[in-house]
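Participant: 3D model of this:
(2 chains)
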Number of protein chains: 2
Amino acid sequence: MSTLLLRGGRPWGHDAPTDVFVQDGVIRSIGPSDDAADVEVDAAGRLILPGLVDAHCHLDKTLFGGPWVPHPASDALADRIATERRLRSELGIPDVERITDLLTAMVAGGTTSTRSHVDVAPELGLTGVEAVREAIGRIGGRIDVQLVAFPQYGILSAPRTAELMETALADGVEGVGGIDPAGMDGDPARHLDIVFDLAERHGAMVDIHLHDGGSLGVWELELICERTSALGLHGRVAVSHAYALGQATPAEQDRVAERIAEAGVTITTAAVYDFPVAPVKRLRAAGANVACGHDGIRDLWGPYGSGDMLDRTMHLAYRNTFRRDDDIELALEAATHGGAVAIGRRPYGETRDPIAVGDPADLVVVPASTPAEAVVARPTRDLVVKGGRVVARDGVLS
Amino acid sequence: MSTLLLRGGRPWGHDAPTDVFVQDGVIRSIGPSDDAADVEVDAAGRLILPGLVDAHCHLDKTLFGGPWVPHPASDALADRIATERRLRSELGIPDVERITDLLTAMVAGGTTSTRSHVDVAPELGLTGVEAVREAIGRIGGRIDVQLVAFPQYGILSAPRTAELMETALADGVEGVGGIDPAGMDGDPARHLDIVFDLAERHGAMVDIHLHDGGSLGVWELELICERTSALGLHGRVAVSHAYALGQATPAEQDRVAERIAEAGVTITTAAVYDFPVAPVKRLRAAGANVACGHDGIRDLWGPYGSGDMLDRTMHLAYRNTFRRDDDIELALEAATHGGAVAIGRRPYGETRDPIAVGDPADLVVVPASTPAEAVVARPTRDLVVKGGRVVARDGVLS
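Facilitator: Below you'll find the predicted structure:
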């Protein structure tokens, strides 16, 4: 079928410029190539990165691409939740146009796969899932979008949410979410029972928002690891944010990191605001998988965000005080391979080159001399390739 | 002399679109204008901000605009200092080309004034001052640059540094710096004696890097306030970074903020890496002045930085968890008015409109609906005006 040849670029992990040949959506060779190809691109002097993976966003809530909406809530969590509930319909959320605009920006910036949490609650039904699916249809396969049924207002706190989550899973949503089993729902064991039961019965991925801090949050993280191991869900469970882990002492971080790696759990971090950031280097040293996501982008939870995963990777590297190239590459690994593992597109614990023969041809070509420079400078992406197809050039959708 | 008319823009602080008329480098009117002008610019639909002030950078050290230099040091402070000393000459630092490139980027991004610390040490002499001055000459008045003689390797720790700082001040350098009077030099009283003595005798501004954390840092901050009051230097002293203040409890922050305001000291923050950030809202509530700076940009202390002060303002707002427009405007105030106060271009404690008749015509025109949107979205600057002269358009120097 269709072929693509990137000539003379430097694939991340390869020292010298070379060619990358793609056929039927898969990388067939990395090395000097005489093949003729349907599409040839001169990548000389450019760096080739794997497609970026935004492992945690909230597409359904976004106001991206529309007029500026001043943040309407105070800093108190209760007011922020109440404000979102009150203003959703007034602002026309979920808005297929806005979601499409955001997906467009994500693709233009080189994000080739994403996991989006989508709010599921009795007052909302599955309107979020429907809107996101319509936007996905409009973006025409330029990005792989995995959905998680997310109980934003709790499961126990918002009766009938679990039934709706089950309906979403039965309807093809791939993941089941949870949120602060203690802090939000007040009954961690029961909350996790529901989440893991849904995951087991539907073969779903699990991704739990954990904002609970301190020893409470660490304890919940360990509870999640325990269930993951007990149910044989190695590689299928993520904990997002995990602020408690960022707050822990280095010794405790190392201890918990080993438990996380053993259970095959992913820590997904977004490095938002001033909240504690997951210790990427310690987690990776223990063999735990780390992914990176954008979290909310221009929504009623906060006005920030661009959809550009290199921008988010910079925040992750910066908040980890990564200065050296090899350290900054750990953040980029989280935003590429780590994200692919998080959303179940690659095996947990696999050690591999960033770009290898046999990989799906999800690629980003950038004018940078090293991966670290790409993260720091965040230049406009020259080319974005999804499954062997050119989906964006010079920051604009093809 | 020369006149400039910005038609139909929205100056920050004015609700409706209007005209801004500039003559001889000063804003002469804000309101509908029939004046003919040498230069007319259609600013309809655009926001007009005051020129951005980068109140803390290190021009002399920058590698900006050159090839990527992977960060060569480990995380240990001693190794970072040793690495800088070792690699300076090898990398050709200070480099007038690199400094000029950075000043160019700063101007293009709307920075109209800056304070640059310049390393002064026996092994360096005043080569940094000379290089920065040559670059300033090349940039042709497009930005107001104030220099501070900065003892990067200590004053007591590096004998003869004080004499060199004095030479720099006698040669017209406007500010005298200090660095961790306890943590770097081990003798806070003696360190501050030297710094404040130089300031008094040369009528210089003071700007002290204070990384020392915890109760030590807070104590040093209070020492600095005490000397500032005792010597009548209200409005002429800044403390940069002040991590200890970011680490303090809210109650202690409030207590110290009052002392800072009373002494007329500025807190200059750069919101770098994962280091504690100054509590902007509490400081402003107490009446203390807050400024914002970029700190090092692409140098041997770290590879990050763009020279774009809206980018830096975003970091400051983000790390302060500012979501509401009025909060985000506090960060932008620090990056404009607060910076002008910090470098002595405006009186300490003055309450004023962001843009007012009689102000120097340092202005930035951006495609944004509100100041908060400008900070969050950081669009390319349509127009930058320095002293009534158009110095950049569409992100490129005029």
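
Participant: Report the separation between the residue nearest the centre of chain A and B:Thr100.
Facilitator: Geometric centre of chain A, nearest residue: A:Ala55, 0.9 Å, by Cα atoms, centre = their mean. Distance of A:Ala55 to B:Thr100, given as Cβ to Cβ, to the nearest Å: 41 Å. C-beta here means a position set from N, CA and C on the backbone, and glycine is covered the same way.

Participant: Over to A:Arg115?
Facilitator: Look at A:Arg115 and B:Thr100: by Cβ to Cβ, they are 45 Å apart.

Participant: Comparing those two, which shows the higher neighbour count?
Facilitator: Counted by other Cβ atoms under 10 Å in any protein chain shown, A:Arg115 and B:Thr100 do not tie: A:Arg115 has more neighbours, with 29 against 22.

Participant: from memory that one sits against A:Ser240, does it?
Facilitator: No. Look at A:Arg115 against A:Ser240 with Cβ atoms under 8 Å: they stay out of range, at 9.4 Å.

Participant: Now the common contact residues for these two.
Facilitator: A:56, A:207, A:293 (Cβ atoms under 8 Å, 6 or more residues apart in numbering or on different chains).

Participant: Reformat those as JSON lines; add neighbour count, pLDDT and secondary structure.
Facilitator: Shown next, in JSON lines, are these (neighbours: other Cβ atoms under 10 Å in any protein chain shown; pLDDT from 0 to 100; DSSP: H, G, I helix; E, B strand; the rest coil):
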{"residue": "A:His56", "neighbour count": "28", "pLDDT": "98", "secondary structure": "strand"}
{"residue": "A:Asp207", "neighbour count": "31", "pLDDT": "98", "secondary structure": "strand"}
{"residue": "A:Gly293", "neighbour count": "31", "pLDDT": "98", "secondary structure": "coil"}
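
Participant: ok, A:Val277 touching A:Tyr318?
Facilitator: No. In this structure, A:Val277 is not within contact of A:Tyr318 by Cβ under 8 Å, at 9.4 Å.

Participant: domain ranges for chain A?
Facilitator: As recorded under automatic domain parsing, the domains making up chain A are A:3-49+A:355-397, A:52-342.

Participant: Please work out which of the ones you listed is packed deepest.
Facilitator: The highest mean neighbour count among the domains of chain A, using mean count of other Cβ atoms under 10 Å in any protein chain shown, belongs to domain A:52-342: a mean of 21.

Participant: So is it next to chain B?
Facilitator: Yes. Using Cβ under 8 Å from any Cβ of the partner chain, we find that domain A:52-342 touches chain B at A:67-68, A:70-71, A:73-75, A:273-274, A:277, A:302-304, A:306, A:314, A:318-321, A:323-325, A:328.

Participant: Any regions of the stretch 51-200 of chain A where pLDDT drops low?
Facilitator: For the stretch 51-200 of chain A, not a single residue meets the criterion pLDDT under 70.

Participant: Show me where chain A has its helices.
Facilitator: Secondary structure of chain A (DSSP state H): helices at A:77-87, A:96-108, A:127-139, A:161-170, A:188-202, A:214-230, A:243-247, A:250-263, A:280-285, A:309-319, A:325-334, A:337-342, A:371-377.

Participant: Of all those, which one is nearest A:Arg7?
Facilitator: A:Arg7 sits nearest to helix A:371-377 of all the helices of chain A, at 19.5 Å, using Cβ to Cβ.

Participant: rewinding a little: for the shared contacts of A:Arg115 and A:Ser240, which one is nearest chain B?
Facilitator: The closest of the shared contacts of A:Arg115 and A:Ser240 to chain B turns out to be A:Gly293 (Cβ to the nearest Cβ; 16.1 Å).

Participant: for the residue lying closest to that closest one once chain neighbours are set aside, what are its contacts?
Facilitator: Sequence neighbours aside, A:His56 is the residue nearest to A:Gly293 in space, at 2.6 Å (criterion: Cβ to Cβ, 6 or more residues apart in numbering or on different chains). Residues in contact with A:His56 (Cβ under 8 Å, 6+ apart) are A:115, A:117, A:207, A:240, A:268, A:270, A:291-295.

Participant: cool, and A:Glu222?
Facilitator: Counting by Cβ under 8 Å, 6+ apart, A:Glu222 touches A:256, A:259.

Participant: and if we set it to 10 Å?
Facilitator: Shown in contact with A:Glu222 (Cβ atoms under 10 Å, 6 or more residues apart in numbering or on different chains): A:255-256, A:259-260, A:263.

Participant: sorry, back to before: could you pull out the residues contacting both of A:Val277 and A:Tyr318?
Facilitator: Taking Cβ under 10 Å, 6+ apart as the contact rule, A:Val277 and A:Tyr318 both touch A:271, B:274.

Participant: need the shared contacts of A:Arg115 and A:Ser240 in a markdown table with distance to B:Gly9, can you?
Facilitator: As requested, those are exported to a markdown table (distance: Cβ to Cβ, whole Å):
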| residue | distance to B:Gly9 |
| --- | --- |
| A:His56 | 38 |
| A:Asp207 | 45 |
| A:Gly293 | 37 |
